[in-house]
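Asks: quick check, what structure comes out for this input:
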Amino acid sequence: MQQDKYLFNKRIKFLSVLFGLFLVILISRLFWLQIYKNDFYDQRSEINSTRIEPLKPLRGIIYDRNKNVLAENRLAHSLVINIENKNREEIQEIVSNLKKTINLSELDIEFFKKLMNQKKFLKELPIKANLTLNDLSTFVGQKYLHPNVELKEDFIRYYPESLYTSHLIGYINRISAADLKNIKENPELEDKYFGLTHIGKQGVEKSYEDILKGRSGFKKIRVDSRNSFVRDVEVKASTPGTNIDLTIDIILQKKAFELLKKYKGAIILTNVESNEILAYQSLPSFDPNLFVNGISHVNWNELLHDPTKPLLDRVIGATYPPGSTIKPFIALSGLENKIINKTSAINDPGFYTLPKTKKVFRDWKKEGHGRVDLITAIAESCDVYFYDLGFNLGIRNIANTLEQFNFGSITNIPLPSEKSGILPSPEWKQKYKKKKWYSYETINTSIGQGDFLVTPLQLVNALNTLLNNRQLPKPKITLNDDDKLLDSVTEQVGSSENINLIKQGMIEVTQENGTFRSISSKNPNKLAGKTGTAQVFSLKNQDYNEDLIEDDLKDHSLFIGFAPYDKPIISIAVVIENGGHGSTAAAPVAKELVDFYFKYSNE
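Replies: Now for the predicted structure:
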């Protein structure tokens, strides 16, 4: 009996100690959770009960010089699917159910799957953008059937003058996996692109991306256990992008499009003094609106494999032999290097034999031009005169002069993908071809053939340099640019006397004996210039017969010009691919646009 009592008391003590120990552990744990870790769990609770939603900024509007809208933001409705904590089968079921309510195209589904693979970190993805009124009303009426699909209001980019401005304005597109990788590798960019879904891909949209895109704000909201909105906690407004005023005039842009629409080629019209671009046209064109929310494979392949290359910006991204449009600059080199003067003349029998060789170079005029001086050589585009001048100048003098006009270098126009062209020289040939230079190549260079390649922008930029008699800052495409640099460059590219001689030769081009003499009696706006015909392939001393040559092997047609010739206001460069002679294709197009400009300006 005594022993049983002893065992009972011992057990009681043991249980008491055990209970006390448990109580100490419980109190310690409660202290740990409630006191020591209070801040931590408060923070976790705050995270679980709040959500941060980005507030996207409105992208800056792009205008022409007269405030006509070229790129804007239009309100649109989109459907997004909440993919958080859902597997592929569940997401597929959501898509299938939604398809029963509204029309989902193959493109919609294809693009949704692409986003799902690329952006696994997102909680929701768009399944259909820019809903029609019919789709919108249908979905709103049956929203209860789709708890995981939300209706979102957003602004989408829209280009109202799409075909007329596609190469200059460019377009935006959704941020790709490659873009995202680049953004994530740069902490500064990651902050700048918080909440953004699109990025500039081409043209002005890409070059001015940093100021156009704006900066996202955010909205911190409180949610309940079912993740439903309770209230706003904090709101920081987004900062809209900066608007941009371009130098182009949409009226001139449309006229240039109309004049060029049956060709492949480029037109660029500028203000001579300011180097502002007034019209920037490349054809064929494309609709940039196709790219805004992702272009379909069908549309992309159609554009990519189109033999006319509508995606190619021919103003800055295509290069051509300058042909005879280079002759005024070669003539200036001859004058500046004192190889020729105003009265220097030769006799042109229709061909030129390279000294100390048997190589013969033919003039475009079989019978020759007879006695030819400098002014006549420019006006009639006498090849033999420039063969002889080029040989006597030598390639280094030619290259040194042409470098002053930015040939062989980009103009630094604020647009992506500008090509530098090729200004051939012994150094260039050795570097890129690992071969020596021959004198016949100097002859080819002197008439804008051989390896010599330029962009239409380089041609008009060089012409403006000649007319201003000084090197110019980069061509201007926005009115927002600072003009101070325009007056900072004073070094002349030639003597005033020599520049005036070259201009006189270009004036004679549109007179009775010039290559563009067809307008000599109907040139009210005093257009002067230089025609050019650039060979696409070598004839090897065979006669050129346009009727027997395939269209894509026909000569390119070129023209550079300015007006009025006594006090230049505007300058122009026109290149028409496979258009034939400069005087029959490019020059008439330039004349019509120049006449339209003055008529339009005086209204």
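Asks: phi first, then psi, for I156.
Replies: phi -110, psi 150 (degrees, to the nearest 10).
Asks: and the closest residue in space to it that isn't next to it in sequence, what does it touch?
Replies: With C-beta to C-beta, 6 or more residues apart in numbering as the criterion, I156 has its nearest non-adjacent residue at 4.7 Å, and that residue is A76. From N, CA and C alone the C-beta is placed, and that goes for glycine too. Counting by C-beta atoms under 8 Å, 6 or more residues apart in numbering, A76 touches 129-131, 153-156.
Asks: for the stretch 501-603 of the chain, which segments are assigned as strands?
Replies: 528-534, 556-563, 570-576 (DSSP state E, counting those that start in this stretch).
Asks: residues making contact with the first one?
Replies: What that stands for is strand 528-534. Contacts of strand 528-534 (C-beta under 8 Å, 6+ apart): 320-328, 364, 378, 381, 448-449, 503, 506-507, 509-510, 515-516, 555-563, 565, 572, 580-583, 586-587, 590.
Asks: swap in 6 Å and give it another go.
Replies: Strand 528-534 has contacts (C-beta atoms under 6 Å, 6 or more residues apart in numbering) with 320-321, 323-325, 328, 506-507, 509-510, 515-516, 555-556, 558-562, 565, 581-583, 587.
Asks: ok and that strand relative to strand 570-576, angle-wise?
Replies: If you take axes from the mean of the first three to the mean of the last three C-alpha atoms, to 10 degrees, strand 528-534 sits at 20 degrees to strand 570-576.
Asks: what pairs with strand 528-534, parallel or antiparallel?
Replies: strand 556-563 (antiparallel) (DSSP bridges).
Asks: put the alpha carbons of the partner strand into PDB.
Replies: Written as PDB, here are the backbone C-alpha positions of strand 556-563 (Å, rounded to 0.1, in the frame of the first residue of the first chain):
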ATOM      1  CA  HIS A 556      19.100  52.200-111.200                       C
ATOM      2  CA  SER A 557      17.800  55.700-111.800                       C
ATOM      3  CA  LEU A 558      19.100  58.500-109.600                       C
ATOM      4  CA  PHE A 559      18.700  62.300-109.200                       C
ATOM      5  CA  ILE A 560      19.900  64.900-106.700                       C
ATOM      6  CA  GLY A 561      18.700  68.400-106.900                       C
ATOM      7  CA  PHE A 562      17.900  71.700-105.200                       C
ATOM      8  CA  ALA A 563      15.600  74.700-105.700                       C
END
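Asks: quick check: buried residues in that strand?
Replies: 556-563 (16 or more other C-beta atoms under 10 Å).
Asks: same list (the residues you listed) but as JSON lines, adding distance to E403 and pLDDT.
Replies: Output for the buried residues of strand 556-563, formatted as JSON lines (distance: C-beta to C-beta, whole Å; pLDDT from 0 to 100):
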{"residue": "H556", "distance to E403": "24", "pLDDT": "92"}
{"residue": "S557", "distance to E403": "26", "pLDDT": "96"}
{"residue": "L558", "distance to E403": "21", "pLDDT": "97"}
{"residue": "F559", "distance to E403": "24", "pLDDT": "98"}
{"residue": "I560", "distance to E403": "18", "pLDDT": "98"}
{"residue": "G561", "distance to E403": "23", "pLDDT": "98"}
{"residue": "F562", "distance to E403": "22", "pLDDT": "98"}
{"residue": "A563", "distance to E403": "27", "pLDDT": "98"}
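Asks: are any of the contacts of A76 buried, and if so which?
Replies: 129-131, 154, 156.
Asks: so which of those residues are in strands?
Replies: 154, 156 (DSSP state E).
Asks: between the buried ones among the contacts of A76, which is nearest I27?
Replies: Nearest to I27 among those: D154, at 54.1 Å, using C-beta to C-beta.
Asks: quick check: bridge partners of that closest one?
Replies: With DSSP bridges as the rule, D154 is bridged to A76.
Asks: can you tell me the SS state at N73?
Replies: strand (DSSP: H, G, I helix; E, B strand; the rest coil).
Asks: roughly how far does it sit from K56?
Replies: Distance, N73 to K56, by C-beta to C-beta, to the nearest Å: 10 Å.
Asks: these two: which is more packed in?
Replies: More neighbours surround K56 than the other of N73 and K56, with 20 against 17 (other C-beta atoms under 10 Å).
Asks: now do the contacts for the more buried one.
Replies: 195, 216.
Asks: next, it: phi, psi?
Replies: K56 has phi and psi values of phi -70, psi 140 when expressed as degrees, to the nearest 10.
Asks: for it, give me the pLDDT.
Replies: For K56, the pLDDT comes out at 87.
Asks: centroid-nearest residue for the protein?
Replies: What sits nearest the mean C-alpha location of the chain, by C-alpha atoms, centre = their mean, is G203, with 2.4 Å.
Asks: what sits against that one?
Replies: Contacts of G203 by C-beta under 6 Å, 6+ apart are 168-170.
Asks: quick one: the nearest residue to N299 once chain neighbours are set aside from N68, how far?
Replies: The spatially closest residue to N299, leaving aside those adjacent along the chain, is L290, at 5.4 Å (C-beta to C-beta, 6+ apart). Using C-beta to C-beta, we find L290 at a distance of 22 Å from N68.
Asks: please parse the chain into its domains.
Replies: Following automatic domain parsing, one gets these domains for the chain: 2-36, 52-245, 250-302+321-601.
Asks: turn those domains into a markdown table, columns for distance to P310.
Replies: Converted to a markdown table, the domains of the chain look like this (distance: least, C-beta to C-beta, whole Å):
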| stretch | distance to P310 |
| --- | --- |
| domain 2-36 | 67 |
| domain 52-245 | 8 |
| domain 250-302+321-601 | 4 |
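Asks: so which of these is the most surrounded?
Replies: Ranked by mean neighbour count, the domains of the chain are led by domain 250-302+321-601 with a mean of 19 (mean count of other C-beta atoms under 10 Å).
Asks: now do the strands in the stretch 251-400 of the chain.
Replies: 265-271, 277-283, 345-348, 351-353, 360-362, 370-373.
Asks: quick check: D383 touching D363?
Replies: Yes: between D383 and D363 there is a contact under C-beta atoms under 6 Å: 4.3 Å.
Asks: could you list the low-pLDDT ranges of the stretch 151-300 of the chain?
Replies: Along the stretch 151-300 of the chain, the model assigns pLDDT under 70 to residues 221, 223-232.
Asks: break down it into its helices, ranges please.
Replies: 162-169, 177-184, 187-192, 203-207, 209-212, 250-260, 297-304 (DSSP state H, counting those that start in this stretch).
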